[in-house]
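Okay, sequence plus prediction incoming.
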Amino acid sequence: QVQLVESGGGLVQAGGSLRLSCAASGGTFSRSAMGWFRQAPGKEREFVAAINWRGSSTYYADAVKGRFTISRDNAKNTVYLQMNSLKPEDTAVYYCAVGKSMAITTSWYDYWGQGTQVTVSS
């Protein structure tokens, strides 16, 4: 059973930065694609970024492209999301997930973390 634990969320002013981490255990992390999603109050969970198992390929939602960077360290079983130039509309609970491929839909992901809150003040 794969377990994912996110950390690094918090309150930041617009224009600021945060780095989220997602530590995985209990599965073949190094052979799995990983994704970050987010969910704002009253909205559906949406895709943010994904990375392949090698870390050689990444994909981003248009809303975060150029501001967020996804990366992974397979030796530490950890995936990261560096978030720069944050905007109030980035406020959401951020979730990491283990997936079959670098998909943008939640149905392609098998395991999810509990989420970490990111709040960006204007």
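Everything's here; your move.

so how many other residues sit close to P88?
Number of residues near P88 (other C-beta atoms under 10 Å) recorded here: 11. The way it works is simple: take the backbone N, C-alpha and C, and place the C-beta from them, glycine included.

Give the bridge partners for C96, please.
Beta-bridge partners recorded for C96 (DSSP bridges): W36.

residue contacts, it?
By C-beta atoms under 8 Å, 6 or more residues apart in numbering, the residues touching C96 are L4, E6, L20, C22, M34, G35, W36, F37, V79, L81, W112, G113.

Could you do S122 as well?
So S122 contacts A14, P88 (C-beta under 8 Å, 6+ apart).

tell me the pLDDT at it?
For S122, the model assigns a pLDDT of 94.

Against S17, how distant is it?
16 Å (C-beta to C-beta, to the nearest Å).

just to revisit the earlier point, TSV please, covering the contacts of C96 and showing neighbour count.
TSV is the format used below for those (neighbours: other C-beta atoms under 10 Å):
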residue	neighbour count
L4	23
E6	22
L20	24
C22	26
M34	27
G35	29
W36	26
F37	25
V79	30
L81	27
W112	17
G113	22
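
Do you have the strands of the chain handy? List them.
Applying DSSP state E to the chain gives strands spanning 3-7, 10-13, 18-25, 33-39, 46-51, 58-60, 68-73, 78-83, 92-99, 109-112, 116-121.
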